[in-house]
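Peer 1: Sequence first, then the predicted structure, then my questions.
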Amino acid sequence: MMNKTLLFVLCFTVIVCSTFAQQTERKYAFDNYHKYQRQALQVKDPAKETAIEKFRQNYALNGYRRDHLRTKMTWQECINSLDDHGQFSDMVSKEQQYVAQEAFTKASQDTQQEIGVFLTEASQRIWRIADAVHSKELKANVALSDKYCKAILHYGGLEISRNNKSSRFHASCFAIPTAAVNIYFVFLPQMDGIGENTTNNKQLKDVSDMLKVLALQCWTQPLRQDSTDDNVVQIERFRNHVWWVGGNALAYRPLLPTAMMYKSIPMIGLLSELSQKSISAVSQTTYDKAFWNEGFTVDGAGWGHGKQSLVWGYPIDGMNSALGMLSTLRGSSWARKLSTENTAWLMNFFRGGNWYYYNGYTPLCTDRYTAVYYNQEKKSIRYSSLINQVIKDWMDSFSAEEQKELLQLKKEISKMEINMENYPVGEYSGTRWLFNNDDLIKRTKDYYIHINMASARCDGLEGATGFADEYNFFNADGLTFFMKKGDEYHKIIGAWDITASPGVTARTGMNKITPVTNWRGYTSKHNFAGAATYGGENSVAGFIFEKMDASTKNGVNDKGNPNGIKNETIYGVKAYKSYFTYGDYMIALGAGVSNLNPSLAGDIHTTIDQTSVDFEENLYVVKDGKSQSIDIDKGPQSFFDKGKALWMQQKDGFAYTVLPEYVKKAYFTYEKNVKNEWVKRNKSNLPNISKLPATSNILRLWVDHGQTPVNDSYGYVVYCGKKLPGSNLPFKVLRNDTTIQAIQSQDVKVVQAVFYSSKESLVAKNMRLSVSDPTVVLIEDFGTEYKITLNDPTMNPTLKRVRLTIDAKKIDVEMPVQEYCGKPVTVTLKK
């Protein structure tokens with residue numbers, strides 16, 4: 001008897017606690033509603049109030065982001081599935097299951113995410129019915145039935161009663177508020193009737209209140225657990241937090257429609273100020289004081305979700321929305337002009353973002369959807385909508401020269417081939433070091449090389465199970481792309497062995513890797529990555545690679561969910577990796593290649609390339625200056641023939657060879673009909689899986705270091721020209737060790753070096769070089785003078801100058817400071 005009584009008491013206590021928790025969260029939501037409604041009513045301005053009414057009518061007429069209405073059900077199906085209690089009949093059992101599990105009050109991130117999907121579908125169905133009114137397929141008085149109103153109150157009540165201790169992301173701040181504002185404005189005459197006290201319909205008033213409570217979540221959710229939770233209408237609400245900057249701040253939240261819903265002059269004023277201030281840029285050295293620590297970066301690219309090079313994701317979305325909001329407010333009391341700083345950062349992004357695009361394609365390292373099949377269709381560069389918006393609404397903010405540049409850029413964007421030939425090298429073509437993102441890129445009319453390096457200063461590339469790329473483990477490990485058409489990698493990513501990603505030194509064994517959700521990706525634990533280039537065809541870069549999980553850094557508030565999976569096989573490899581572009585050659589050197597965990601199975605490979613093959617008859621080797629066909633069915637074939645290294649070439653593609661003095665074993669192989677695993681790589685491929693190619697044909701080339709390398713090396717060359725590579729290389733390797741990696745042209749006019757340490761000097765054919773600090777150096781002889789480019793690969797903000805000594809001559813070079821710290825600097829020296 002005692003046990004039954006105790007069980008009853010415990011069950012009753014759990015129910016009471018659960019109910020109390022739901023009531024607490026509901027009260028919090030309604031308290032916020034009343035607080036910000038009062039705030040809106042307290043500020044009066046007749047001109048602004050008149051403007052608000054016009055904006056409200058515009059939302060009623062046009063809706064807001066109607067393309068986000070994605071439920072598969074028709075409005076008739078939605079109405080027919082509603083029961084008398086305001087529940088969708090096919091969703092009742094799932095809801096009962098959640099109630100029985102007390103899921104709505106649980107703080108579990110996974111549970112709340114699942115519930116968010118459930119409630120998003122419900123809100124989408126309610127919106128679908130309202131949208132039928134908007135499109136005049138259904139009359140408003142028919143749509144606003146008793147069970148429809150009950151549905152808004154029921155599912156809205158479930159949403160606002162959810163546990164706030166878990167971060168209620170996506171559904172609570174993006175999807176459900178977007179549905180709420182659209183529903184509200186579809187029924188604006190009825191909602192206005194409540195505000196003007198022309199109706200005494202209590203149920204309709206409750207519906208209006210609930211829609212406002214739900215919409216306000218775009219301002220309040222997720223909670224930041226700081227002082228801004230007490231007052232969301234302040235600038236600091238939208239700074240210094242991954243959920244409240246960039247695209248997560250302005251792009252996906254219906255902030256302005258909600259402000260219009262509340263008729264809140266303070267909210268609208270804040271959004272106007274926020275939009276202008278957000279058109280700015282951030283760098284590692286200004287991370288803590290920049291207005292936004294995501295968005296445009298000073299080097300011309302962009303960050304999202306921390307210091308990730310998500311140039312085509314959150315940064316572009318955030319800036320599109322900021323400029324869009326300013327465009328919406330043009331001609332109103334909240335109108336603002338673009339400052340010279342705003343226009344400068346926009347131009348900087350248009351020039352810098354161009355480097356992450358080639359012939360209609362983006363490289364596979366700029367967002368979490370790289371494994372989504374592209375169907376070999378070219379697409380306009382992602383900032384084309386931003387360019388169009390600038391030209392349409394803001395051209396008078398730019399100088400005459402900038403206007404000319406924008407119009408030419410728009411014209412070339414339409415052709416999906418951006419060259420901008422009349423602009424200086426380094427702006428749209430040539431070579432460029434994106435110093436905030438550890439990217440060295442060479443971009444010409446004929447080919448494109450992208451080297452995505454890593455350092456402790458940057459994050460990797462995020463991945464997530466269930467809806468995004470699931471195998472983004474090696475995207476920032478020296479990943480190197482060679483492209484002429486632009487789609488060389490897109491069409492085969494479903495069959496890629498990710499441990500053989502081009503340019504990467506890694507342990508083999510993709511089958512040992514388990515996908516996890518990681519919102520910061522993987523990077524190198526060493527603070528060393530740099531490149532020297534002034535924009536011309538020659539450049540040099542290097543970094544120290546040793547993989548770490550970027551989400552383990554201090555201060556990360558969006559780590560993801562590894563579920564205890566360690567994936568040990570991806571760690572424990574170290575290498576000093578350098579890259580040199582000289583003319584049409586790319587040279588890669590590796591030193592100190594070591595397996596730090598030799599007990600793990602798998603050899604250590606440095607992959608030269610893993611690229612697509614359109615026609616197998618286009619594969620051949622070059623021996624003694626002559627091309628010979630290869631046996632494509634032979635399997636892995638050695639680069640060496642009688643001790644000499646062969647060139648392996650793909651017609652109309654690239655040619656590859658290795659440097660025998662730094663390579664013991666190297667192979668290439670043609671892999672035919674490799675099975676594509678599109679859904680395994682990214683589940684977004686599932687709806688189109690029947691249309692996607694089942695197999696891929698792949699050319700793979702690599703250096704084999706064996707299982708237990710210690711201080712091993714490698715050296716390989718990729719020729720990008722149109723002709724057969726010459727018998728003799730036009731350069732000589734001067735050093736390849738963990739202190740210095742360097743080459744010199746055979747005509748002794750170019751020296752390129754990475755000094756990992758300043759302890760030793762470099763002896764070249766016609767000069768001796770030393771540096772005062774770790775430095776990346778490019779020296780070019782132009783006859784009467786040297787052009788010298790230096791870069792600080794440690795991005796040391798206290799390093800004011802570097803002393804370069806050439807023979808006995810000492811040159812002190814001032815280093816860029818503040819936000820430009822880490823940028824290459826070029827000087828000339830008379831002979």
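Peer 2: Yes, it's here.

Peer 1: give me the number of residues near residue 665?
Peer 2: Using other Cβ atoms under 10 Å, residue 665 is surrounded by 15 other residues. Heads up, the C-betas are built off the backbone N, CA and C, glycines and all.

Peer 1: what's the answer for residue 328, then?
Peer 2: With neighbours defined by other Cβ under 10 Å, the count for residue 328 comes to 18.

Peer 1: Spatially nearest residue to it (excluding sequence neighbours)?
Peer 2: The spatial neighbour of residue 328 that comes closest, neighbours along the chain excluded (Cβ to Cβ, 6 or more residues apart in numbering), is residue 256 at 6.7 Å.

Peer 1: quick one: the one you found from residue 630, how far?
Peer 2: When distances are taken as Cβ to Cβ, to the nearest Å, residue 256 and residue 630 turn out to be 61 Å apart.

Peer 1: now residue 409
Peer 2: Residue 409 is 43 Å from residue 630, where distance means Cβ to Cβ.

Peer 1: now do residue 79
Peer 2: 65 Å.

Peer 1: What is the three-state secondary structure of residue 793?
Peer 2: Reducing the assignment at residue 793 to three states with DSSP: H, G, I helix; E, B strand; the rest coil gives coil.

Peer 1: which residue sits closest to it, ignoring its sequence neighbours?
Peer 2: Nearest residue to residue 793, sequence neighbours excluded (Cβ to Cβ, 6+ apart): residue 530, at 2.7 Å.

Peer 1: those strands in the stretch 201-350 of the chain, which residues are they?
Peer 2: 295-296, 302-303 (DSSP state E, counting those that start in this stretch).

Peer 1: Go through these and pick out the most buried.
Peer 2: When you average the neighbours per residue for each of these (mean count of other Cβ atoms under 10 Å), strand 302-303 leads with a mean of 32.

Peer 1: So what are the sheet partners of that one and their directions?
Peer 2: For strand 302-303, the paired strands and their directions (DSSP bridges) read strand 295-296 (antiparallel).

Peer 1: got a list of contacts for the strand it pairs with?
Peer 2: By Cβ atoms under 8 Å, 6 or more residues apart in numbering, the surrounding residues in contact with strand 295-296 are 245-246, 278-282, 302-303, 314-315, 318-319, 345, 348-349.

Peer 1: Most neighbours among the residues you listed, which one is it?
Peer 2: Across those, neighbour numbers were computed from other Cβ under 10 Å; residue 302 holds the maximum, 33 neighbours.

Peer 1: Can you verify my assumption that residue 175 contacts residue 122?
Peer 2: No. Between residue 175 and residue 122 there is no contact under Cβ atoms under 8 Å: 10.6 Å.

Peer 1: Would you verify that residue 752 is located in a strand?
Peer 2: Yes. Under three-state DSSP, residue 752 sits within a strand.

Peer 1: For the spatially closest residue to it that is not a sequence neighbour, which residues are in contact?
Peer 2: In this structure, residue 752 finds its nearest non-sequential neighbour in residue 540, 3.7 Å apart by Cβ to Cβ, 6+ apart. Residue 540 sits next to 531-533, 578-581, 752-754, 776-778 when contact means Cβ under 8 Å, 6+ apart.

Peer 1: Who does residue 669 form a beta bridge with?
Peer 2: residue 700.

Peer 1: on that earlier part again, and residue 256 and residue 630? which has more neighbours close in?
Peer 2: residue 256 (24 against 18).

Peer 1: What separation is there between the more buried one and residue 43?
Peer 2: Distance of residue 256 to residue 43, given as Cβ to Cβ: 17 Å.

Peer 1: Equivalent analysis for residue 22, please.
Peer 2: Between residue 22 and residue 43 the distance, using Cβ to Cβ, works out to 33 Å.

Peer 1: what do you get for residue 744?
Peer 2: To residue 43, residue 744 is 69 Å away according to Cβ to Cβ.

Peer 1: Those two - which one has more neighbours?
Peer 2: Neighbours per residue (other Cβ under 10 Å) separate residue 744 from residue 43, with residue 744 holding more: 22 against 14.

Peer 1: Could you check which helix or strand contains that one?
Peer 2: When elements are assigned from DSSP states H and E, residue 744 belongs to strand 740-745.

Peer 1: Buried residues in that strand, which are they?
Peer 2: Neighbour counts using 16 or more other Cβ atoms under 10 Å place 740, 741, 742, 743, 744, 745 of strand 740-745 among the buried residues.

Peer 1: Closest one to residue 368 out of those, please.
Peer 2: residue 741 (32.5 Å; Cβ to Cβ).

Peer 1: Test my guess that that closest one contacts residue 588.
Peer 2: No. In this structure residue 741 lies outside contact range of residue 588 using Cβ under 8 Å: 9.8 Å.

Peer 1: Name the residues contacting each of these two.
Peer 2: By Cβ under 8 Å, 6+ apart, residue 741 and residue 588 have these common neighbours: residue 578.

Peer 1: hang on, the residue nearest to residue 752 is in a helix, isn't it?
Peer 2: No. Counting by three-state DSSP, residue 540 falls outside a helix, being strand.

Peer 1: mind checking how far it is from residue 806?
Peer 2: Between residue 540 and residue 806 the distance is 16 Å, computed by Cβ to Cβ.

Peer 1: What of residue 694?
Peer 2: Remark: distance between residue 694 and residue 806 (Cβ to Cβ) = 58 Å.

Peer 1: ditto for residue 775
Peer 2: As for residue 775, its distance to residue 806 is 13 Å (criterion: Cβ to Cβ).

Peer 1: out of those two, which sits in the more crowded spot?
Peer 2: Each of residue 775 and residue 806 has its neighbours counted (other Cβ under 10 Å); residue 775 has more, 27 against 18.

Peer 1: who's in contact with that one?
Peer 2: Contact criterion Cβ under 8 Å, 6+ apart gives 530, 755, 758, 790, 791, 792, 793, 802, 804 as the residues in contact with residue 775.

Peer 1: Please, a ChimeraX command that selects the buried ones among these?
Peer 2: In ChimeraX, this line selects whichever of the contacts of residue 775 come out buried by 16+ other Cβ under 10 Å:
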select :530,755,790,791,792,793,802,804
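
Peer 1: Turn the contacts of residue 775 into JSON lines, columns for pLDDT.
Peer 2: Below are these laid out as JSON lines (pLDDT from 0 to 100):
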{"residue": "530", "pLDDT": "99"}
{"residue": "755", "pLDDT": "99"}
{"residue": "758", "pLDDT": "98"}
{"residue": "790", "pLDDT": "99"}
{"residue": "791", "pLDDT": "99"}
{"residue": "792", "pLDDT": "99"}
{"residue": "793", "pLDDT": "99"}
{"residue": "802", "pLDDT": "98"}
{"residue": "804", "pLDDT": "98"}
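
Peer 1: can I get the contacts of residue 775 in TSV with distance to residue 550?
Peer 2: Supplementary listing: those in TSV, determined by distance: Cβ to Cβ, whole Å:
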residue	distance to residue 550
530	19
755	26
758	28
790	28
791	23
792	22
793	19
802	29
804	33
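
Peer 1: quick check, nearest of the contacts of residue 775 to residue 783?
Peer 2: Each of the contacts of residue 775 was checked against residue 783 using Cβ to Cβ; the closest is residue 804, at 19.8 Å.
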